[in-house]
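1. A structural model of the following input is requested.
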Amino acid sequence: MKAIISDMRFERTVLQVIPALESGGAERTSVEMARAIVAAGGKALVATSGGRMCGDVEKAGGRVIEIPAASKNPLTILANVGRLTEILREAQVDIIHARSRAPAWSAFLAAKAAKTAFVTTYHGAYRAASPVKRFVNSVMARGDLVIANSDFTAAAIRAAYPVGDRLKVIPRGADLAEFNPLAISGERVRALRARFGLENNRSALVLLLPGRLTDWKGHEVAIEAIGLAATGAAGVSPSFQLIFAGDEQGRGDFAGSLMSRVNELGLQQMIRWVGHCDDMPAAYALADMALAPSTRPEAFGRTAVEAGAMATVAIASNHGGARETIIDGVTGLLVEPGSAEALARAILKAAALGPDGRRAMGDKARAHIASHFSTQAMTSATLDANRDLLARRAGAP
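-> Below you'll find the predicted structure:
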């Protein structure tokens, strides 16, 4: 899908609602859309419980309104209906755009009360193991416009709910100016190398796994795979350094269990835990490969797209959105989900390509991302969809 970039104005007010603005794909998309709305002449509001990315919204010219949007307490969700209804009326909001289920219920009921257009974006293909869960999830399919972030997500929505022509696929993307190999200074890369503890092992191949420490992002698979790759790397690479860049999810002691496994395998010197990274373009620039070995399908999978934009070889699980963003063997590598052996083989295959071979694959990846998965295409398509929605509601032909 190659989007046509629109230069039309959008002098409307949009209120996005998201639980928090800490990190993640939905959060980054919220900031990107705030920036695009302001650039098109509109007003961008974001209702959220807070987070480190709130400053990015303000810097883009948007306004952050703090409400307890992250709460799943039914009483708080109902109280947020009143808060949002007041905002819609006072700010004369044209569209309220929900990006997560719990605050979406508040947004949906507020939109009904204020007679405001209601838009949702599925940033994930939600699972519904029970009728109650199915009902909770259904709010995301109740939008006047329902946006899916990939064909994979769209198929899951259509299988679950009768969305009809209200559903539109708008893939997320990478900012080609921000994620541009030519825009990353050597100083930025050196600073990260020092922070990641890589200065004393410059001969090692660097593998980057971005993502929150949660049980389905594939950290366990990556740990097992790096152990296998290291023992099978004779003549290919003297060593590897695997970087885990992401916050802890906060559910149980998952990070502790990962560290225990690392200790059992004796891989302490090969794995770095660096937490949240504020300069992901530089992180991709210093990496020889980026890993996205999720054990559950990613609805879209931003890692593969951002790595591709940075001309860095991405290795991802062969399911979900990665099938749409990676051309296997051409712009990156796809592997059997959950298989440490398959991931290890792919790591060794990419290692065997050498710097020139990885650079050639990376160049093809950047060209592919630029043609199909740019932030500019995503924001333009979303603004166009919003224009169409408002025109239909106004009765325009």
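2. helices of this protein, start to end?
-> 25-39, 54-59, 74-90, 101-114, 131-137, 151-160, 186-196, 219-231, 254-265, 280-286, 302-309, 322-325, 340-372, 375-393 (DSSP state H).
3. ok, the closest residue to Arg345 other than its chain neighbours - contacts?
-> Leaving aside its sequence neighbours, Arg345 sits nearest to Val335 (Cβ to Cβ, 6 or more residues apart in numbering; 7.6 Å). Backbone N, C-alpha and C define where each C-beta goes, glycine included. Shown in contact with Val335 (Cβ atoms under 8 Å, 6 or more residues apart in numbering): 293, 315-318, 342-343, 345-346.
4. of those, closest to Ala47?
-> Ala316 (32.9 Å; Cβ to Cβ).
5. give me the neighbour count for that closest one.
-> Using other Cβ atoms under 10 Å, Ala316 has 30 other residues around it.
6. again with Ala154
-> 21.
7. next: Trp105.
-> Neighbours of Trp105 (other Cβ under 10 Å): 21.
8. kindly report the same for His97.
-> So His97, with other Cβ under 10 Å, has 28 neighbours.
9. could you shift the numbering so residue one becomes 54, and keep it that way?
-> Noted, 54 is the first residue going forward, which turns the last one into His150.
10. which residues touch it?
-> 67-70, 86, 160, 172-174.
11. 10 Å instead?
-> By Cβ atoms under 10 Å, 6 or more residues apart in numbering, the contact list for His150 reads 67-71, 83, 86, 90, 98-99, 157, 160, 164, 170-174, 196, 198, 200, 435, 439.
12. could you measure from it over to Thr66?
-> Between His150 and Thr66 the computed distance is 11 Å (Cβ to Cβ, to the nearest Å).
13. for Leu162, which non-adjacent residue is closest in space?
-> Val134 (4.5 Å).
14. tell me, what's the model's pLDDT at that neighbour?
-> With respect to pLDDT, Val134 has a value of 98.
15. what's near enough to touch it?
-> Listed by Cβ under 10 Å, 6+ apart, the contact partners of Val134 are 158-166.
16. same question, Ala403
-> Taking Cβ under 10 Å, 6+ apart, we find Ala403 in contact with 258, 260, 282, 289-290, 341-342, 366-368, 385-386, 410-411, 414.
17. could you do Ala144 as well?
-> 66, 68, 96, 98, 116, 118.
18. can you put these in TSV and add neighbour count, distance to Ile276 and pLDDT?
-> TSV is the format used below for these (neighbours: other Cβ atoms under 10 Å; distance: Cβ to Cβ, whole Å; pLDDT from 0 to 100):
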residue	neighbour count	distance to Ile276	pLDDT
Thr66	18	47	98
Leu68	25	42	98
Lys96	20	46	98
Leu98	23	42	98
Arg116	15	43	97
Ile118	15	41	98
